[in-house]
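Undergrad: quick one, fold the following:
(one chain, ligands or ions: 2)
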Amino acid sequence: MPVFDFDEVQLIPQKCILQHRSDADTSVRLGDHTFKIPVIPANMSSIIDEQLAIWLARRNYFYIMHRFKPEQRFDFVKMMHQKQLLSSISLGIQPEDYQLVQQLATAQLTPDYLTIDIAHGYADSVKDLIGYIKKMLPHSFIIAGNVATPEAVTFLEEAGADATKVGVGPGRACITKLKTGFGTAGWQLAAINYCAQTSKKPIIADGGIRNNGDIAKAIRFGATMVMIGSLLAGHDENPGEIIKKNHQKFKIYYGSASQMQKKQHKNIEGKKVILPYRGSIHDTLQEMQEDLQSAISYAGGNCLQDLTKVDYILVNNSIYNGD
Ligand SMILES: NC(=O)C1=CN([C@@H]2O[C@H](COP(=O)(O)OP(=O)(O)OC[C@H]3O[C@@H](n4cnc5c(N)ncnc54)[C@H](OP(=O)(O)O)[C@@H]3O)[C@@H](O)[C@H]2O)C=CC1
Ligand SMILES: Nc1nc2c(ncn2[C@@H]2O[C@H](COP(=O)(O)O)[C@@H](O)[C@H]2O)c(=O)[nH]1
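TA: Ligands and ions are numbered 1, 2, ... in the order given. Predicted coordinates for the structure are as follows:
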């Protein structure tokens, strides 16, 4: 199996067929809905809160609300439905998550998207919850993860997942590789490639995106969408205060398995990172869209699908890369 990561791949330009980059179509379909770009802000409490979820849903960006305020999830779904906005929440695999599914079903509140978000998603516990959701909320689109291998993707797909999330340990706030020796850190792009070769449903590439061009690369190697944490952290709209130090502004980005999230030192596989403040997330998302449009034009195409066929070359990532 060829092993490579984002920095070791470059996509090869093809003849342009567009008059303008803005003619390139970056929209993507997941389930019954079409979204503006194939990007999902990570379902972490240092990235998204209710306000940002509403902001994203109103602008036709896909979002997944995190699961770290479990008692607020029912009301969140209700509120989004009242506002006629898409509802998309996360679940763990604890009794409270089963209870929430039951409450939603009883209230006939069907979330549009349910994401089962646990560290090690290749597990019977996830299969069992998928089965329960299928019975109780058969019309919700189920995303399940996180996993690292084709076997695990197939396991979740056969259990009934409508999409799987691939990536164990490549995240910026992640220390899984250091703490356990396991994961896809350093070969996340190859893991996407490997998983996509056998997957029958959409794959969401989760973690390790460090530059906007990595989004196009993830799509080239089989991702339908990408989940992004650090590149979408540090904005006005992200939760948390702006920190001022030596006349510079920062915001904190922390892992979902960090001490900052867990409030106890048990099974810590995440850390906190202090990132420069970056203004409005609107500008960052806009730039991601423009860079993707440019990528589509270099691919010689006019839509995201055209990225999936483009040739590539493996390069030594130590060579001068122009920055
Ligand atoms: N994408 C990634 O690389 C990673 C992401 N995370 C994120 O951090 C958050 C919190 O994770 P965390 O609290 O550690 O665990 P989870 O909340 O994901 O744990 C879910 C359940 O799985 C059980 N479990 C069994 N084996 C494992 C394992 N190797 N890792 C984790 N759980 C296991 C846990 O039991 P018990 O607690 O009793 O062991 C728990 O009941 C999640 O949102 C997850 O997505 C965390 C690590 C890696
Ligand atoms: N191993 C851990 N992974 C984590 C943790 N918190 C979040 N995550 C994963 O990272 C991505 C975001 O990655 P980024 O490179 O874009 O910053 C996120 O979606 C999770 O899958 C954690 O504490 N430990």
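Undergrad: how about the residues of the stretch 1-150 of the chain near ligand 2?
TA: If contact is defined as Cβ under 6 Å from any ligand atom, the residues of the stretch 1-150 of the chain in contact with ligand 2 are 42, 44, 146. In short, each C-beta sits where N, CA and C put it, glycine included.
Undergrad: show me what contacts the first one?
TA: Read that as Ala42. By Cβ atoms under 8 Å, 6 or more residues apart in numbering, the residues touching Ala42 are 48, 171, 206, 227-229, 232.
Undergrad: filter those down to the ones in strands?
TA: Taking DSSP state E, the ones among the contacts of Ala42 that sit in strands are 206, 227-228.
Undergrad: make TSV from the contacts of Ala42 and add neighbour count and distance to Lys135 to it.
TA: Converted to TSV, the contacts of Ala42 look like this (neighbours: other Cβ atoms under 10 Å; distance: Cβ to Cβ, whole Å):
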residue	neighbour count	distance to Lys135
Ile48	25	29
Gly171	31	32
Asp206	31	27
Met227	30	27
Ile228	28	33
Gly229	26	32
Leu232	25	34
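Undergrad: hmm, back to that, check the ones in strands among the contacts of Ala42 against ligand 2, which are close?
TA: Contacts with ligand 2 within the ones in strands among the contacts of Ala42, counted by Cβ under 6 Å from any ligand atom: 206, 227-228.
Undergrad: any chance of TSV for those, columns pLDDT and distance to Asp5?
TA: As requested, these are arranged in TSV below (pLDDT from 0 to 100; distance: Cβ to Cβ, whole Å):
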residue	pLDDT	distance to Asp5
Asp206	98	14
Met227	99	17
Ile228	99	16
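Undergrad: among the residues you listed, pick out the one closest to ligand 1, please.
TA: Asp206 (6.0 Å; Cβ to the nearest ligand atom).
Undergrad: residues in contact with that closest one?
TA: If a contact means Cβ under 8 Å, 6+ apart, then Asp206 has 42, 145-146, 165-167, 170-171, 226-227 as its contacts.
Undergrad: measure it to Thr110 for me?
TA: Asp206 sits 24 Å away from Thr110, taking Cβ to Cβ, to the nearest Å as the criterion.
Undergrad: next one: Phe250 relative to Ser256, how far apart?
TA: Look at Phe250 and Ser256: by Cβ to Cβ, they are 20 Å apart.
Undergrad: okay, these two: which has more neighbours?
TA: Neighbours around Phe250 and Ser256, counted as other Cβ atoms under 10 Å, are more numerous at Ser256. The numbers are 26 against 18.
Undergrad: identify the residues contacting the more buried one.
TA: Applying Cβ under 8 Å, 6+ apart, the residues near Ser256 are 44-45, 66, 68, 117, 270.
Undergrad: next: Pro70.
TA: Counting by Cβ under 8 Å, 6+ apart, the residues that Pro70 touches are 92, 96-97, 100.
Undergrad: select the longest helix from the protein.
TA: Ordering each helix of the chain by length in residues (DSSP state H) puts helix 281-298 first.
Undergrad: CA-only coordinates of that one, as PDB, when you get a sec.
TA: The C-alpha trace of helix 281-298 is given here as PDB (Å, rounded to 0.1, in the frame of the first residue of the first chain):
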ATOM      1  CA  ILE A 281     -15.000  32.800   9.900                       C
ATOM      2  CA  HIS A 282     -16.900  34.200   6.900                       C
ATOM      3  CA  ASP A 283     -13.600  35.300   5.300                       C
ATOM      4  CA  THR A 284     -11.900  32.000   5.900                       C
ATOM      5  CA  LEU A 285     -14.800  30.000   4.500                       C
ATOM      6  CA  GLN A 286     -15.000  32.400   1.500                       C
ATOM      7  CA  GLU A 287     -11.300  31.900   0.900                       C
ATOM      8  CA  MET A 288     -11.700  28.100   1.100                       C
ATOM      9  CA  GLN A 289     -14.400  28.300  -1.500                       C
ATOM     10  CA  GLU A 290     -12.300  30.500  -3.800                       C
ATOM     11  CA  ASP A 291      -9.200  28.200  -3.400                       C
ATOM     12  CA  LEU A 292     -11.400  25.100  -4.200                       C
ATOM     13  CA  GLN A 293     -12.800  26.900  -7.300                       C
ATOM     14  CA  SER A 294      -9.200  27.600  -8.400                       C
ATOM     15  CA  ALA A 295      -8.300  23.900  -7.700                       C
ATOM     16  CA  ILE A 296     -11.300  22.800  -9.900                       C
ATOM     17  CA  SER A 297     -10.000  25.000 -12.700                       C
ATOM     18  CA  TYR A 298      -6.500  23.500 -12.400                       C
END
